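In: here is the input, now give the coordinates:
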Amino acid sequence: MKYTKWTHGFERFVFYVLSGVVVLYISVEIIELVYQFGKALFTAHDHSDRLLITKEQTSAVLPVFFNILIAIELIDTFNLYIKEHSIKVQSILLIGLIAIGRKLLVLDVGHNSGINNIGLASIILALSIGYYLVKRPETMGVKKNEEG
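Out: Numbering: from 1, shown residues only. Okay, the predicted model is just below:
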């Protein structure tokens, strides 16, 4: 019995350390996001046909935004695990989809090999189908409750 109490206590300690690190990471990324966005707004770009932010500047800002979303989802997953000792597959699939979306924003598809593009497409398809299959019972339950 002491072993499980000790293990549970250690697990909570690790949770708090990881959560603290992720919170610090989110804080740094928010500062980076504000800095990159401000820099993009106030940098002169005469060669662009865009009004405020060039495509290159957008490609510097958006990945930081997605990093913040991924970190928030990780904290949510940590909290769920500590409370219920289970990990929702839906959360993991969502984190994977966000990470792949971030990757696609910074990827230059034209300079990537065909096999890499097929691999990314396969990952997107697998994560999307998995997310749909996990989410579908929830949606079906809502429709049944509305009908009945």
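In: which of the three states applies to residue 53?
Out: Put simply, residue 53 is coil when judged by DSSP: H, G, I helix; E, B strand; the rest coil.
In: list phi and psi for it.
Out: Reported as degrees, to the nearest 10, the phi and psi values for residue 53 are phi -130, psi 130.
In: tell me who's in contact with it.
Out: 37, 40, 41, 61 (Cβ atoms under 8 Å, 6 or more residues apart in numbering). Where C-beta positions appear, they are placed from N, C-alpha and C, glycine not excepted.
In: make sure the second one is actually in contact with residue 64.
Out: So the one you mean is residue 40. No: using Cβ atoms under 8 Å, residue 40 is not in contact with residue 64; the gap is 11.3 Å.
In: ChimeraX command to pick out the buried ones of the contacts of residue 53?
Out: Entered in ChimeraX, the line below selects the buried ones among these, by 16 or more other Cβ atoms under 10 Å:
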select :37,40,61
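In: need the contacts of residue 53 in CSV (columns: pLDDT and distance to residue 22).
Out: CSV is the format used below for the contacts of residue 53 (pLDDT from 0 to 100; distance: Cβ to Cβ, whole Å):
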residue, pLDDT, distance to residue 22
37, 85, 22
40, 80, 26
41, 79, 28
61, 82, 21
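In: residues making contact with stretch 30-48?
Out: Contacts for stretch 30-48 (Cβ under 8 Å, 6+ apart): 52, 53, 54, 55, 57, 58, 60, 61, 64, 65, 68.
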